[in-house]
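K.L.:
mind looking at a prediction? Sequence and model below.
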Amino acid sequence: MDWYAAKALLEWQMEMGVDAALCDAPVDRFAAEADLRAQHAERVRQPGVATAAPAPKVAEVDPVAEARALAAAAQDLDGLRAAMAGFEHCQLKKGARNLVFADGAPGARVMLVGEAPGRDEDLQGKPFVGRAGQLLDRMLAAVSLSRADTVYITNVLPWRPPQNRDPKPDEIAMLMPFLQRHIALVNPDLLVIMGNTSAQALLGRRGITRLRGQWQEAAGRPALPMLHPAYLLRTPHAKREAWGDWLALKARLRALK
Ligand code: URA
C-alpha cells in the first residue's frame with residue numbers, strides 16, 4: 001500500500017469514528033471470539049450433546065407500525081425526540097454518534113425538511129451545521145429569516161447514513177411516521193422541501209431540479225421544493241433559481257399573514 005492509500009484509509013477510519021470510545025474499558029473482541037469457539041468445540045466433543053441449540057424465536061416486528069404507534073403517542077416535541085431516541089429498528093442508529101432531531105424556533109411559521117445529517121451534524125447533533133448549513137443560514141438571512149426565531153429545521157432521517165449514502169426506501173418508510181408527527185406538532189404555515197430525499201419522502205417524487213419553485217401540498221399545507229444548499233455549493237450558477245424560490249416563499253408568507 002502506498003502513502004496516499006494509507007493516508008486515505010486512516011482518514012476513512014477517523015471519519016468512521018475510530019477515535020470514539022464505545023465503553024469505559026477496552027474489550028478484546030478477538031479473545032472473546034476465541035473463547036466462544038473453544039466453548040463450542042468442547043460442546044461438540046461431549047457425546048450426546050446437541051451441536052446446535054435451537055434458534056430462539058424472534059418476535060416479528062413491523063418497524064413502520066411501531067414507529068406509527070410511538071409517534072402518535074408523542075404529545076409534544078420533547079416526547080417525540082424521546083420516542084425517536086428509543087426507536088431501535090433503524091440500522092442507521094447503530095452507526096451514528098447522535099440523534100439529529102431539529103434546530104430552530106418550535107413556533108416558527110416556516111419548517112424546513114432536509115435530507116439527512118452529514119458528518120458535522122452527526123458530531124454536533126444538530127441539522128445543517130456544516131458548509132451546506134452555513135450557506136443555508138446566509139440564504140435565510142438574505143430574506144430576513146433565521147433559525148433563531150422564524151424557521152424550524154429538521155431532516156427526513158435523524159441519523160447519518162454511512163458515508164452519506166442515499167437512504168433506503170425501508171429506512172424512509174419507518175421514519176416517515178416520526179416526520180409526519182414532527183410536522184403536525186410544529187404546525188408551520190409553510191414547508192420547505194429541501195432536496196430529493198425530502199421530495200421523495202413528502203411528495204413521493206424525485207427530480208428536485210424540475211420540482212423546485214412549484215408550490216405543492218405536503219402534510220396538509222403548502223410546501224415549496226427547493227434546491228439543496230449542498231447542490232448549490234457544487235453548482236453555484238443555480239443560486240439564481242434558489243434566490244427566486246426564497247423570494248416566492250417570503251411573498252407567500254406575507255400573503256398568509
Ligand atoms: N444536509 C441535509 O439535508 N441535512 C443536514 O442536516 C445537513 C446536510
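P.N.:
It's in.
K.L.:
just the helices in the chain please.
P.N.:
Secondary structure of the chain (DSSP state H): helices at 3-15, 29-45, 63-73, 77-85, 92-95, 119-124, 131-142, 169-186, 196-203, 208-211, 229-234, 239-256.
K.L.:
okay, the ones you listed, which one's buried deepest?
P.N.:
helix 196-203 (a mean of 23; mean count of other C-beta atoms under 10 Å). Every C-beta, even on glycine, is put in place using the N, C-alpha and C of the backbone.
K.L.:
so what's the most centrally placed residue in the chain up against?
P.N.:
With distances taken as C-alpha atoms, centre = their mean, the residue of the chain nearest its centroid is Leu157 (2.3 Å). Contacts for Leu157 (C-beta atoms under 8 Å, 6 or more residues apart in numbering) come out as Leu92, Glu115, Ala116, Pro117, Pro167, Glu171, Ile172, Leu175, Thr197.
K.L.:
okay, among the residues you listed, which ones form the most distant pair?
P.N.:
Greatest spatial distance among the contacts of Leu157 (C-beta to C-beta): Pro117 and Ile172, at 14.6 Å.
K.L.:
pLDDT weak spots in the protein?
P.N.:
By pLDDT under 70, the weakly predicted segments of the chain are 3-4, 7-8, 11-12, 14-27, 29, 40, 43-44, 46-53.
K.L.:
need the residues of it near the ligand, please.
P.N.:
Neighbours of the ligand within the chain, by C-beta under 6 Å from any ligand atom: 114-118, 121, 127-128, 132-133, 155, 195, 230.
K.L.:
tell me which of the residues you listed is nearest to Ala71?
P.N.:
Closest to Ala71, out of all of those and judged by C-beta to C-beta, is Asn155, at 15.5 Å.
K.L.:
what's the burial count for that closest one?
P.N.:
29 (other C-beta atoms under 10 Å).
K.L.:
just list the residues touching it, thanks.
P.N.:
Val100, Val113, Gly114, Glu115, Ala116, Pro117, Glu121, Pro127, Ser198.
K.L.:
if I look at it, how far off is Ala72?
P.N.:
Per C-beta to C-beta, to the nearest Å, Asn155 is found 21 Å from Ala72.
K.L.:
swap in Leu191?
P.N.:
20 Å.
K.L.:
swap in Asp122?
P.N.:
Distance of Asp122 to Ala72, computed by C-beta to C-beta: 28 Å.
K.L.:
again with Ala102
P.N.:
Counting by C-beta to C-beta - Ala102 and Ala72 are separated by 19 Å.
K.L.:
quick one on the thing from earlier: turn the contacts of Asn155 into a markdown table, columns for distance to Gly79.
P.N.:
Listed next are the contacts of Asn155 as a markdown table, based on distance: C-beta to C-beta, whole Å:
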| residue | distance to Gly79 |
| --- | --- |
| Val100 | 18 |
| Val113 | 20 |
| Gly114 | 22 |
| Glu115 | 24 |
| Ala116 | 23 |
| Pro117 | 21 |
| Glu121 | 22 |
| Pro127 | 19 |
| Ser198 | 23 |
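K.L.:
buried members of those into ChimeraX, please.
P.N.:
The ChimeraX selection below is limited to those of these classed as buried (16 or more other C-beta atoms under 10 Å):
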select :100,113,114,115,116,117,121,127,198
